[in-house]
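> build me a structure from this.
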Amino acid sequence: MESADDVSASKRPLPTGFSPGPDGPKRLRLSSDSLPYPACDQIEPKTPKNPNVVDYSNPFAITDILDRLENGKFGSVTKDIEALIALKMQIMGPYFAKYPILVNQLLKVVTHHDEETPKLENQQVTGLTHQSVIDLEGEYTEKDVPAVPNTVVIIDSDEEDDRDKKSVIPFHEVVLPRKVAPSPALKVIGYHTYLGESNDLKIEINMADKGNNTRSNKGVYVGAQGEEEDKADTEDDGLQDIWKEMSMAIECSKDVSEDPEPEEEEEEDDNCDHSFVLKDDLGYVCRVCGVIDRKIETIFEFQYKVKRSTRTYASDSWNSKGKADVFGINVAEDDLVVTDIAAHPRHMKQMKPHQVEGFNFLVRNLAGDHPGGCILAHAPGSGKTFMIISFMQSFLGKYPNARPLVVLPKGILSTWKKEFQTWQVEDIPLYDLYTVKADSRSQQLEVLKQWMEQKSILFLGYKQFSSIVCDNGTNNTSLSCQEILLKIPTILILDEGHNPRNENTDMVQSLAKVQTARKVVLSGTLYQNHVREVFNILNLVRPKFLKMETSRPIVRRIHSRVHIPGVRSFYDLVENTLQKDTDFKRKIAVIQDLREMTSKVLHYYKGDFLDELPGLVDFTVVLTLSPRQKPEIQKLKKLSRRKFKINSVGSAVYLHPKLKPLAENCGENSTSDNIMDDLIEKLDMRDGVKSKFYYNMLNLCESAGEKLLVFSQYLLPLKYLERLTMKWKGWSLGREIFVISGESSSEQREWSMEKFNNSPDARVFFGSIKACGEGISLVGASRIIILDVHLNPSVTRQAIGRAFRPGQMKKVFVYRLVSADSPEEEDHNTCFKKELISKMWFEWNEYCGDRAFEVEAVEVKECGDLFLESPLLGEDVKALYKR
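Next up, the predicted model:
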């Protein structure tokens, strides 16, 4: 096909005397008198080197330019250029028709006689004159003129004597004085239009180049311009109003749906002279427009991720005088101020109101001018671990020489480490003696030295700690271990701190020897059995608590209020008053005195956040014994002086009388699978009232799609129910049935919890009530059976808290099974009185009456529980109480 150039050439008439030769068209010789063009004697034919040229000596050169626009010479903006030219002529037409003088004033003849071509600052533009015409399109070149790679045409008229000449194509000389948006395809920066000294319009098209672009302070890319050009004269030519109207018309014709360029958006964003300030919850924020420069997570991540360059070494100064400076923090020197420590913003966002109060309580006691111990008595599942982890990380961030020691039950060590991984804001090493299996004293000493020499946290079990501190060995290794544990810790944290409550045990005595004054007890069930135990814990964190200046006046006040014959001990006096005193006003006065005495060292939270859960219904179900069970119970009552024997054997008999021989033997084979299977084959389940209640409850849970928890303090009842379920239901261990006992490893506990909570096949979970303490979450279950009465009511509360805790999606029903007319019923009454003391001491307020914490007797048919109202469960219920 013919090209556009060929087509256009074939249509235009050939000049007279022109004849193409065999090698191409020949140069047409013209006299200077016949044509208004200058002679071309200085031009000679040559082999074409650059096809991108324009022959301005040809009267059809401008037409060729217009034709080449259709070929896409200007890339993706070809159509836009055509549209602008057409629109420009359409707008200019009426003005030229109405004011013909505009043509003479605005349009200049493009001719220059014998003048040197001006050069642009970038040396890429060469002016054209009629004396030196460059045939940029043909096969000709100028004599003795070096070739220019990129040619930019400047059509200008600077000579006053050339004003009488007219341009061949007038409108190519006119450019509107407006900004043009940058084109990403050609990277054209813009059209810079300005008025010269002779009021001529000058067109300058700058093709963007990476080498000559600079960025302004507002993010707009501009081409490199000379100083003279920036200071161009802007004299008024009298046509400013016309140009404004023309610019407005063109702007109105733009496509408003066009997407803004990235540079334009950046310019809008940067219009504000930002003034950034640091806000704890957001980061660096502009106080004017609110733009976030750096988020808080990024700031504090880098702030806390510091190199571990601060270390404490104590290699050979065991007997030096400066032990306090090397091993721990000297409070007077470090000047710990309350306002110096605050929770990390990431932690603060997650803290509930009671946790914020608890954190501030820790700061007041542990980082004040006179640090001392304290007790956090928050309900199970309220986030005590998260709170103390947040405090320790903030404390270590402020005082990297500190060495926290956490003493806890071995079974919840994995829970603590998981919590640290979740909430850590700094890579703090965590050391313990269980992971590395440091059994010998030399191995334990190596771990203790690693903890001592760098910023880290040490975990020890209660038994492990007391065995090291109370070791009677005289070798240097044992003595070094003892000295490190007693002198190095800056903060001593006791999780499940109600365990060391007997002042005569090695555990309490070894913990009391730790020299730091900063001791924290964490407990979800502070009150266990007696008032004395609470004060033993207070003496542990605050030695000689009752003899302190703030305590002695209150102790004397309580003695003056209460007079009990034969009772002189302060602890027994308080316990008898709270448990047996019929004078309610005196009881309340004693409670208020106790709270005043412990207000600065004890922070209590009963767990109001649990009200957000679907609910808890706590029943005490008194069951009528079967005819086969009653004679066996009468035999148990004769063992009045052997309380433990009554409880252990009675727990089995209350479940089924056939279990009595196995409970009395208490041998290792008593819970073997074969013996239990043989027993199940011969017994009638209806003879055991608790066994019957369990089986009917299991059937109802299965039909309703609910999961069941069964707790007992003895292994024999749990083993019996496990084998009974497998025998009669055909279920298997690890699929429908799960078990946790004191012999279960940490891995087995984690696996059992995860499978029971998440597996749709799981049906029942059997747990030893003491093995399922803190760190165990069984929120997959919504029904709980407590098979026997534990003498410590807080243990039962802990077991209930395994299911009734954050994450529970259903209402939880608890069934505390009590055998009627048995020693178990008396134990239940005693435990309730203990529980009543705890509630009166910590939870009573002026809105509670004298019977606010007593149980409520309810009718089975009106209890609100569809399971209990069913005939299968309700037929053996003698009495039903609701807490």
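> now do stretch 98-111, average pLDDT.
In this model, stretch 98-111 has a mean pLDDT of 58.
> same check, this time on stretch 84-91
Here the average pLDDT along stretch 84-91 is 81.
> with stretch 659-673 instead?
75.
> got the end-to-end distance for it?
End-to-end distance for stretch 659-673: 14 Å, by C-alpha to C-alpha, to the nearest Å.
> and if you look at stretch 591-608?
One end of stretch 591-608 to the other measures 21 Å (C-alpha to C-alpha).
> avg pLDDT for it?
On average, stretch 591-608 scores 92.
> buried ones in that stretch?
Ile591, Asp593, Leu594, Met597, Thr598, Val601, Leu602, His603, Tyr604, Tyr605, Gly607 (16 or more other C-beta atoms under 10 Å). For glycine as for every other residue, the C-beta is placed from the backbone atoms N, C-alpha and C.
> what do you get for stretch 347-360?
Quick answer for stretch 347-360 (16+ other C-beta under 10 Å): His347, Met351, His354, Gln355, Gly358, Phe359, Asn360.
> same thing with stretch 498-515?
Neighbour-count burial for stretch 498-515 [16+ other C-beta under 10 Å]: His498, Asn499, Pro500, Arg501, Met507, Val508, Ser510, Leu511, Val514.
> turn the buried residues of stretch 347-360 into TSV, including distance to Leu433 and pLDDT.
As requested, those are exported to TSV (distance: C-beta to C-beta, whole Å; pLDDT from 0 to 100):
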residue	distance to Leu433	pLDDT
His347	28	92
Met351	32	92
His354	33	92
Gln355	30	93
Gly358	29	94
Phe359	29	95
Asn360	33	93
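> looking at those residues, which are in helices?
Within the buried residues of stretch 347-360, residues falling in helices by DSSP state H are His347, His354, Gln355, Gly358, Phe359, Asn360.
> between the residues you listed, which is closest to Phe711?
His354 (27.4 Å; C-beta to C-beta).
> not counting sequence-adjacent ones, nearest residue to that closest one?
Spatial nearest neighbour of His354, excluding adjacent residues (C-beta to C-beta, 6 or more residues apart in numbering): Tyr605 at 4.7 Å.
> list the beta-bridge partners for the one you found.
Per DSSP bridges, the residues bridged to Tyr605 are His378.
> contacts only, for it.
By C-beta atoms under 8 Å, 6 or more residues apart in numbering, the residues touching Tyr605 are His354, Glu357, Gly358, Ala377, His378, Ala379, Ser382.
> over to Lys660?
Counting by C-beta under 8 Å, 6+ apart, Lys660 touches Glu632, Val649, Ala652, Val653.
> let's have the contacts of Tyr605 in a markdown table, adding distance to Arg805.
Output for those, formatted as a markdown table (distance: C-beta to C-beta, whole Å):
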| residue | distance to Arg805 |
| --- | --- |
| His354 | 15 |
| Glu357 | 20 |
| Gly358 | 18 |
| Ala377 | 17 |
| His378 | 13 |
| Ala379 | 9 |
| Ser382 | 9 |
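> which two from these end up farthest apart in space?
Longest span within those, C-beta to C-beta: Glu357 and Ala379, 13.7 Å.
> who's in contact with Leu573?
With C-beta under 8 Å, 6+ apart, Leu573 has these contacts: Ile558, His559, Val562, Ile564, Val567.
> pick out whichever of those sits closest to Glu681.
Taking the contacts of Leu573 together and measuring to Glu681 by C-beta to C-beta, the closest member is Val567, at 55.8 Å.
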